[in-house]
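>>> When you get a sec, could you give me coordinates for this:
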Amino acid sequence: MAILIDEAKRVCVQGITGREGRARTSLMRGFGTNVVAGVTPGKAGESVEGVPVFNTVAEAMTHSESAAGGPIDISVLFVPARLVQAAAFEAIDAGVKLLILIPDRVPVWDAMRIARRGSDRGAVFLGPNTLGAVSPGKAVVGMIGGRAESARAWFHPGNVGIMSRSGGMTSSCGYYLGQAGVGLSTLVHVGGDSVLGLRLPDVALLFENDPQTEAVVVFGEIGGSQEEDLAALIRDGRVTKPIVAYIGGKVAKEGTRFSHAGAIIEGNRGTHEGKVRALRDAGALVVESFGDLAGATMQTLIKTGAVR
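So this is what the prediction gives:
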């Protein structure tokens, strides 16, 4: 099945006529994503990569329900950071239940308002500052892989999920696991900001309920509490599938930001040592070197009899 994205999900691209919107629409369609509509105010009647463009998400939703046989499932936003809140509100109010917020530098208060609006309307979002998600052999939403050709070459269908706080390392995890013969269900980049929609523990619960996924690889980082919250889910028995993790930022000291806004140590919170200890105490396998991640994952699959 995979999670979040597959070949059946109907996708809308907000900002489709911009440079990034056009390029990433080409990537998504090239990978098999069912992109049914695009939105750019004032551009209704145009088309991008054969995808019709509408002025509003509500208009795109009406088109999808009549022409594509159902509502838009996902809207991916390629708009300037200052416009993300308005664009997200528009999608949520039109009935879209999953948003992919690609831009970085989205104001924290805007992300918090989007979270509240989504909670009120039964919608969730990935990001901000995310590359999105890809289910190998099915579909991609966002910009993971860079080009459809490389995404197909790097990521192979299988039974291991990947969730990461780093966009680049999401792809790196998938590439090196693929080189080791490990197939993947879905790769998810949760985003690098301090205020996020779906966090590592939320994605872990989605993988837990996915029949295709039999183990989960985690690329974590210093800062915040996502990894500790994941450990709590494991301890409570809510996540039972094998977890193999690597935590970046081992040498970082207090006040250090490790690449992303959400990866900063504050006092004794969010340390590398604390995250590793929490996950290990909960029963996860945490490797010391990123280079050990693929081998440890394969050994875990062999041990559990989940090798495909």
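
>>> Three-state assignment for Ile162, please.
Assigned with DSSP: H, G, I helix; E, B strand; the rest coil, Ile162 falls in the strand class.

>>> and the spatially closest residue to it that is not a sequence neighbour, what does it touch?
Distances taken as C-beta to C-beta, 6 or more residues apart in numbering place Leu187 nearest to Ile162, at 4.4 Å, with adjacent residues excluded. Every C-beta, even on glycine, is put in place using the N, C-alpha and C of the backbone. Applying C-beta atoms under 8 Å, 6 or more residues apart in numbering to Leu187 gives the contacts 133-136, 144, 155, 161-164, 170-171, 173-174.

>>> ok, so of those residues, who is nearest Pro201?
Distance to Pro201 across the contacts of Leu187 (C-beta to C-beta) is lowest for Met163, with 9.6 Å.

>>> does that closest one really touch Val216, like I thought?
Yes - in this structure Met163 lies within contact range of Val216 using C-beta atoms under 8 Å: 6.6 Å.

>>> which residues do the two both contact?
Residues touching both Met163 and Val216 by C-beta under 8 Å, 6+ apart: 204, 207.

>>> rewinding a little: mark which of the contacts of Leu187 are part of helices, please.
Mapping the contacts of Leu187 onto helices (DSSP state H) picks out 170-171, 173-174.

>>> Dump the host helix or strand of Ala153 to PDB, restricted to CA.
Following DSSP states H and E, one finds Ala153 within helix 148-154. Taking Å, rounded to 0.1, in the frame of the first residue of the first chain, the C-alpha atoms of helix 148-154 are listed here in PDB:
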ATOM      1  CA  ALA A 148      12.100  11.000 -12.500                       C
ATOM      2  CA  GLU A 149      14.900   9.000 -14.000                       C
ATOM      3  CA  SER A 150      17.200   9.300 -11.000                       C
ATOM      4  CA  ALA A 151      14.300   8.600  -8.600                       C
ATOM      5  CA  ARG A 152      13.500   5.400 -10.500                       C
ATOM      6  CA  ALA A 153      17.100   4.300 -10.500                       C
ATOM      7  CA  TRP A 154      17.700   5.000  -6.800                       C
END
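
>>> Identify the residues contacting it?
Residues from elsewhere that reach helix 148-154 (C-beta under 8 Å, 6+ apart): 26-27, 30-31, 134, 136, 140, 144-145, 171, 174-175, 178.

>>> Kindly recompute the last result at 6 Å.
27, 30-31, 145, 174-175, 178 (C-beta atoms under 6 Å, 6 or more residues apart in numbering).

>>> And the residues you listed, which is closest to Gly274?
Of all the contacts of helix 148-154, Gly274 sits closest to Gly174, with 27.1 Å by C-beta to C-beta.

>>> Who's the closest spatial neighbour of Pro157, skipping the chain neighbours?
Gly137 (3.9 Å).

>>> could I get the contacts of helix 148-154 as a markdown table with pLDDT and neighbour count?
Listed next are the contacts of helix 148-154 as a markdown table, based on pLDDT from 0 to 100; neighbours: other C-beta atoms under 10 Å:
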| residue | pLDDT | neighbour count |
| --- | --- | --- |
| Leu27 | 93 | 22 |
| Gly30 | 92 | 16 |
| Phe31 | 92 | 25 |
| Gly145 | 76 | 26 |
| Gly174 | 95 | 25 |
| Tyr175 | 95 | 16 |
| Gly178 | 94 | 18 |
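
>>> Point out where the protein drops to low pLDDT.
Within the chain, the segments meeting pLDDT under 70 span 251-269, 308.

>>> Specify the local secondary structure of the residue sitting furthest away from the middle of it.
Distance from the centre of the chain peaks at Gly45, with 30.9 Å (C-alpha atoms, centre = their mean). Following three-state DSSP, Gly45 is assigned to coil.

>>> What are the boundaries of the strands in the stretch 51-200 of the chain?
Listed from the start of the chain, the stretch 51-200 of the chain has strands (DSSP state E, counting those that start in this stretch) covering 51-54, 74-77, 98-101, 124-126, 132-135, 139-142, 157-164, 184-189.

>>> which stretch among those comes nearest Leu196?
Of all the strands of the stretch 51-200 of the chain, it is strand 124-126 that lies closest to Leu196, at 8.1 Å by C-beta to C-beta.

>>> pretty sure Ala245 belongs to a strand, no?
Yes - if the criterion is three-state DSSP, then Ala245 is within a strand.

>>> what about the nearest residue to it once chain neighbours are set aside, which SS state?
Of all residues not flanking Ala245 in the chain, Val218 sits nearest, at 4.0 Å (C-beta to C-beta, 6+ apart). Following three-state DSSP, we place Val218 in the strand state.
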